[in-house]
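> Next comes the sequence, and after it the predicted model I'd like to discuss.
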Amino acid sequence: MATKPKRLYELMLIIKANLTEERRNETIDKYKKIIEEFDGEVKNTIEWGRRKLKYPIEKLNEGYYYILYVQAPPSANKEIWEKFRLEEDLLRFMTTEAEEVRQEIKFPQLVKN
């Protein structure tokens, strides 16, 4: 059986900030298992931390951000999205195609001190 071609994706997850660290880790592990269930592979996980949301989501003003670099067949996206939509601790998620696996995310300084 031929293997399906895989693409590299950047997946941003915003989970509820009011979860304990242990619960956050369990939640991220659960999401990784969902990805693996559909022939995906998590290449890197960046914990971006607790951040203020631009607008309240489910009456919450903060979320905990994670960025996952995932290699998966294009057909897996739909199935993964459908599973993620059912997750109560996940506030928002977004997938984009990535060119490379980043080890960290940095933004340029916009204002000089």
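Okay, I see it.

> could you pull out the strands for this protein?
Along the chain, counting by DSSP state E, strands occupy 7-16, 41-57, 60-72, 90-97.

> so which of the ones you listed comes closest to Phe84?
With C-beta to C-beta as the criterion, Phe84 lies closest to strand 90-97 of the strands of the chain, at 5.4 Å. Bear in mind the C-beta positions are built from the backbone N, C-alpha and C, glycine included.

> In the closest one, which residues are buried?
Across strand 90-97, burial judged by 16 or more other C-beta atoms under 10 Å covers Leu90, Leu91, Phe93, Thr95.

> Return the two entries of those residues that lie farthest from one another.
Using C-beta to C-beta, the two most remote members of the buried residues of strand 90-97 are Leu91 and Thr95, lying 15.3 Å apart.

> I'd like the average pLDDT over stretch 47-67.
Regarding stretch 47-67, the rounded mean pLDDT is 92.

> do the same with stretch 17-34
For stretch 17-34, mean pLDDT is 93.

> Please save the CA atoms from that stretch in PDB.
The C-alpha coordinates for stretch 17-34 follow below in PDB (Å, rounded to 0.1, in the frame of the first residue of the first chain):
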ATOM      1  CA  ALA A  17      -6.200  29.800  30.600                       C
ATOM      2  CA  ASN A  18      -8.000  28.700  33.800                       C
ATOM      3  CA  LEU A  19      -6.700  25.100  33.400                       C
ATOM      4  CA  THR A  20      -4.000  23.800  35.700                       C
ATOM      5  CA  GLU A  21      -0.600  23.100  34.200                       C
ATOM      6  CA  GLU A  22      -1.300  19.300  34.600                       C
ATOM      7  CA  ARG A  23      -4.600  19.600  32.800                       C
ATOM      8  CA  ARG A  24      -3.100  21.800  30.000                       C
ATOM      9  CA  ASN A  25      -0.400  19.100  29.400                       C
ATOM     10  CA  GLU A  26      -3.000  16.400  29.400                       C
ATOM     11  CA  THR A  27      -5.100  18.400  26.900                       C
ATOM     12  CA  ILE A  28      -2.100  19.000  24.500                       C
ATOM     13  CA  ASP A  29      -1.200  15.300  24.700                       C
ATOM     14  CA  LYS A  30      -4.800  14.400  23.800                       C
ATOM     15  CA  TYR A  31      -4.700  16.700  20.800                       C
ATOM     16  CA  LYS A  32      -1.400  15.200  19.700                       C
ATOM     17  CA  LYS A  33      -3.100  11.700  19.900                       C
ATOM     18  CA  ILE A  34      -5.900  13.000  17.700                       C
END
